[in-house]
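Chemist: can you look at this prediction? I've put the sequence above it.
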Amino acid sequence: MKIVYEIGKRFPRSCDKCKLFVSEFGSPAYCIVNGKYAQKEIKAEKDGALNMYYHGCLTNRPKNCPLKAEK
C-alpha cells in the first residue's frame, strides 16, 4: 500500500514551507509525518539552536524527511 501526500505544486525547501509542518493552539510547530532534525544538522546552521527554539525549523529540510520528490 502507498500513501501519497499532495502538499502543493512545489517540493518544500524547508519545513516551514511544508503544509505538514503544523502548530496546534500555540504549541511549537512540528512535522506530522515525523521528520526530525539531528543535532548535527542543528549545530551546522548559524543560530540553529535559536531557530529550533523559536521556529521549530531550520533553512533546509531534515535529512530524514519522509517526503520524497516525485519522479
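Modeler: Noted; the coordinates are in hand.

Chemist: what about this structure, any weak spots by pLDDT?
Modeler: 5, 70-71 (pLDDT under 70).

Chemist: cutoff 90 now
Modeler: 1-13, 16-20, 22-30, 32-34, 53-56, 66-71 (pLDDT under 90).

Chemist: what's near enough to touch residue 37?
Modeler: 52, 57, 58, 62 (CB atoms under 8 Å, 6 or more residues apart in numbering). Where you see a C-beta, it was placed from the backbone N, CA and C, and this is true even at glycine.

Chemist: considering those, which possesses the most neighbours?
Modeler: Within the contacts of residue 37, neighbour counts (other CB atoms under 10 Å) peak at residue 57, which reaches 22 neighbours.

Chemist: that older thread, among the contacts of residue 37, which two are most distant?
Modeler: 52 and 62 (10.8 Å; CB to CB).

Chemist: look up which helix or strand residue 62 falls in, please.
Modeler: Counting by DSSP states H and E, no helix or strand carries residue 62.

Chemist: next up, phi/psi of residue 30, please.
Modeler: Note on residue 30: its backbone torsions stand at phi -150, psi 160 [degrees, to the nearest 10].
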